[in-house]
Every structure is written in C-alpha cells, then in structure tokens.
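[1] my questions are about this predicted structure, shown below with the sequence.
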Amino acid sequence: MIKKALLGLLAIIVIICAGGGIFLYNAVNKDIDEHFAGTCTTLPLPGSAEDNQVDRERGFAYMSILDRQAIASGKKAAPGQVMRLDLNTPELKAVNALLDPPAGFHPHGLSLFIDEAGQRHLIVINHPENRGVDVEHIERFVEQSPGEFKHAETFSSPLITRPNDLVAVGAREFYVAQDTGRGTGITDTLLVYFDGNDYTVLAEDIKSGGGINRSADNGTLYVAETNAKNIRVITRGADGGIADVRNIALPTSPDNIDVAEDGSLWIGAHSNLTALVMHFIIGSNAPTQILRVDPNSADAAVEEIYLNKGTEITSGSGGSTWGRKLLIGSITARKILVCDRD
C-alpha cells in the first residue's frame with residue numbers, strides 16, 4: 001500500500017514538473033517573432049554540427065559532428081567526426097573529412113588554416129569522455145587530398161581545462177576560448193595562446209568564451225563572451241600578444257562566430273538562456289538566432305538575420321556563410337539547416 005502511495009506521489013510530482021516546464025517554456029518563448037528572408041532545408045546528420053568552418057576558396061564546409069543530444073541525456077556518445085559538405089553540388093551529402101580520427105574522438109570547436117603554399121590545416125578541440133576530470137586535447141590534421149585530412153599531432157596544456165572554441169592563426173599556432181560550464185560557479189575564464197612552442201594566458205576575464213574567430217588579415221580577434229552578451233574585439237601583435245580595442249554589446253548571448261567574405265561577423269546566439277537550460281534538462285526546444293554584425297562600422301550595427309523558437313532547429317550554435325548560403329548548426333539537434341537567402 002505504501003509502495004503504491006509513493007508511486008502515485010512520484011507520478012504527481014513528475015506531472016507537476018512537466019507541466020511547470022511546459023508553462024515556463026511557453027512563457028519564455030511567447031514574444032519571439034520568427035523570421036528569415038529566405039528558405040531553409042534540413043540535412044540530417046549522425047550528430048549535431050555544433051561548430052562549422054567554410055573553406056570559401058573551394059566551397060567546402062567542415063562540421064564538428066558528435067551526438068551531443070545523447071550526452072545531454074546522460075548517455076554515452078559514439079566517437080565523433082569532422083564531416084564535409086561540398087556546397088558546389090546541388091544535392092548535399094555529408095561525408096567524413098578525417099581519414100584517421102583519434103580513438104574516442106569528441107570534437108567541439110574547429111578552425112581551418114590555409115598556409116602560404118595553400119596547404120590546409122584543421123585544428124580541432126577534442127574533449128575527453130570525462131570532461132572536467134581527464135585531460136583536454138587539441139588535434140591537428142593536415143590535408144592529404146582535397147577535403148581529406150590525416151592526423152598530425154596532439155596538443156595539451158594544464159592551462160586548457162574547458163576549451164569551447166579556438167582559432168588557428170598559423171599551422172601550429174592558435175588561440176583557445178574557454179567556457180565556464182553549467183553549475184561550476186565560475187564567472188571568468190582564460191584566453192590561452194599557443195605560439196607553436198609555449199602556452200600563454202593572455203586574458204583572465206573572459207565571461208565564458210563561447211566562440212572565437214579572426215579577421216582575414218590575422219590582425220584582429222573576435223571573442224564571444226556568452227555570459228556578458230558581448231563581442232570583445234582584440235588586436236594581435238607580431239608576437240601574438242593582444243590589446244583590447246572595443247566591446248560590441250549585444251541584446252543576446254553569443255556563441256560561435258563566422259567571419260564572412262566582407263568582414264562582417266555572423267553570430268549564433270541564444271536569445272533566452274532560461275530556455276536553453278530547460279532544453280538540456282527536459283529536452284524542450286530552445287530558440288535559434290543568427291545575427292550579422294559589422295565590426296568596422298562606427299556603431300557596430302547589429303542585424304538579426306534569423307530567429308526561430310526552435311521548431312525548425314533547436315539550440316542553434318552558429319551560422320556560417322558561403323555566398324548567399326547560410327548553414328545553421330546546433331548544440332544538440334542531429335541536423336543542419338541549409339538556408340538560401342533572398
């Protein structure tokens with residue numbers, strides 16, 4: 001009898017929690033005005049494309065693929081991959097770009113660097129299965145034939161404990177932005193620079209680095225500070241050192257940054273962090289938002305390109321551009337949106 005009563009009480013608690021979650025979801029999303037000037041199609045994937053990088057010269061898009069939805073549900077994910085899309089073809093198909101990914105590969109942020117000889121290098125964050133406990137790695141892959149990369153070396157440092165994204169400024173030279181993580185109580189994180197030999201902390205006050213990228217001339221860095229709703233604009237010195245130039249305030253929480261051909265920043269953003277947290281807890285949809293920012297204009301004008309409640313793609317993490325195409329990835333959704341702008 002007591003067992004039945006406890007089970008009944010548990011069922012009531014579950015119903016109340018679910019109902020409360022649905023009510024809160026509806027409350028935080030009620031004022032979202034969905035819009036996009038164009039059309040989008042869905043391309044299913046074996047995992048989510050949390051970060052994407054476009055080789056604009058060749059029209060290849062590289063996607064960091066891992067079943068993060070399984071991880072968010074407390075399950076073990078199969079090893080991930082970096083997958084490639086050939087944007088020149090009318091019918092897109094995702095294929096593996098890595099010939100020999102490391103065992104247990106858990107990719108996150110990635111960056112493509114093209115050296116003066118035209119050699120392509122992919123630098124990719126590789127999380128351990130026990131993130132926050134085991135050592136974080138950064139992998140370098142070198143292109144063997146167009147769009148196919150072979151593993152070259154692995155980097156690690158005690159300074160890199162919660163890498164989220166990185167940007168390569170040389171074949172063996174990169175900056176790493178780190179996040180605070182949910183429930184850690186940490187507010188500031190380190191921006192770490194690797195010059196090919198040594199690791200250096202260049203900033204200790206990044207408000208959770210959700211994304212980082214660079215200008216075409218390698219002279220400027222853009223860091224997305226998710227918890228500060230800010231893009232930090234930084235100049236690079238010849239020695240890799242940095243100096244803050246300006247802060248671009250946003251009305252939302254930025255994630256990954258794509259630098260378009262015209263130098264504008266295309267930013268994946270989370271318009272409601274409460275909805276994002278709920279997404280991780282109960283699996284409800286979280287809004288997806290893509291912004292365009294002109295970092296070179298006097299007022300750094302911000303334009304909202306895409307906004308959706310999460311029904312088309314939930315928890316969007318970034319938007320990468322190639323001509324009129326816009327590729328929208330997600331933290332957890334096992335797909336990517338391929339959009340054509342009007």
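    Nice, thanks for sending it over. Numbers count the residues shown, from 1 in each chain.
[2] now do the strands in the stretch 51-200 of the chain.
    60-66, 81-86, 95-96, 107-114, 120-126, 137-145, 148-155, 163-170, 173-178, 189-194, 199-206 (DSSP state E, counting those that start in this stretch).
[3] next secondary structure element downstream of the last one?
    Looking back up the chat, that one is strand 199-206. Next helix or strand after strand 199-206 toward the C-terminus (DSSP states H and E): strand 209-214.
[4] return stretch 247-255 as PDB; C-alpha atoms alone will do.
    The C-alpha coordinates for stretch 247-255 follow below in PDB (Å, rounded to 0.1, in the frame of the first residue of the first chain):
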ATOM      1  CA  ASN A 247      33.400  45.800 -26.900                       C
ATOM      2  CA  ILE A 248      30.300  45.200 -29.000                       C
ATOM      3  CA  ALA A 249      27.300  44.900 -26.800                       C
ATOM      4  CA  LEU A 250      24.600  42.500 -27.900                       C
ATOM      5  CA  PRO A 251      20.900  42.000 -26.800                       C
ATOM      6  CA  THR A 252      21.600  38.300 -26.600                       C
ATOM      7  CA  SER A 253      24.100  35.700 -25.600                       C
ATOM      8  CA  PRO A 254      26.600  35.000 -28.400                       C
ATOM      9  CA  ASP A 255      28.100  31.600 -29.300                       C
END
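[5] one step back: to Ala260, which of the strands of the stretch 51-200 of the chain lies closest?
    Nearest to Ala260, of all those, is strand 60-66, at 13.6 Å by Cβ to Cβ. Every C-beta, even on glycine, is put in place using the N, C-alpha and C of the backbone.
[6] and the average pLDDT for that closest one is what?
    Averaging pLDDT along strand 60-66 yields 98.
[7] closest to Ile282 out of the strands of the stretch 51-200 of the chain?
    Ile282 sits nearest to strand 60-66 of all the strands of the stretch 51-200 of the chain, at 21.3 Å, using Cβ to Cβ.
[8] give me the contact list for that closest one.
    With contacts defined as Cβ atoms under 8 Å, 6 or more residues apart in numbering, strand 60-66 is touched by 45-55, 77, 80-87, 94, 97, 106-110, 112, 122, 124, 146-147, 320, 322, 327, 329, 336.
[9] on the strand side of things, show who the residue nearest to Leu337 when sequence neighbours are not counted bridges to.
    Nearest residue to Leu337 in three dimensions, chain neighbours excluded: Ile328, at 4.0 Å (Cβ to Cβ, 6 or more residues apart in numbering). Note on Ile328: beta-bridge partners Gly319, Leu337, judged by DSSP bridges.
[10] so who does Ile328 touch?
    Residues counted as contacts of Ile328 (Cβ under 8 Å, 6+ apart) are 40, 268, 288, 290, 306, 313, 316, 318-319, 336-337, 339.
[11] likewise for Gln69?
    For Gln69, the contact set (Cβ under 8 Å, 6+ apart) comprises 47-48, 332-334.
[12] of these, which belong to helices?
    Here DSSP state H is the test, and those give no hits in helices at all.
[13] which is the next helix or strand following the lowest-mean-pLDDT helix or strand in the chain?
    Least confident helix or strand of the chain, by mean pLDDT, DSSP states H and E, is helix 2-29 with a mean of 48. Downstream of helix 2-29, the next assigned helix or strand under DSSP H and E is strand 35-36.
[14] can you pull the buried residues of the helix or strand following that following strand?
    Moving toward the C-terminus from strand 35-36, the next helix or strand (DSSP H and E) is strand 38-44. Using 16 or more other Cβ atoms under 10 Å as the test for burial, strand 38-44 gives Cys40.
[15] what's the end-to-end length of stretch 192-202?
    The first and final residues of stretch 192-202 sit 6 Å from each other (Cα to Cα, to the nearest Å).
[16] centre of the chain versus it, how much separation?
    In terms of Cα atoms, centre = their mean, to the nearest Å, the centre of stretch 192-202 is set 22 Å apart from its chain centre.
[17] before we move on, what about stretch 180-192?
    Here stretch 180-192 is found 16 Å from its chain centre; the criterion is Cα atoms, centre = their mean.
[18] repeat that for stretch 35-54.
    12 Å.
[19] what is the end-to-end distance of it?
    One end of stretch 35-54 sits 24 Å from the other (Cα to Cα).
[20] buried residues, stretch 196-212. List them.
    199-200, 202-203, 206-212.
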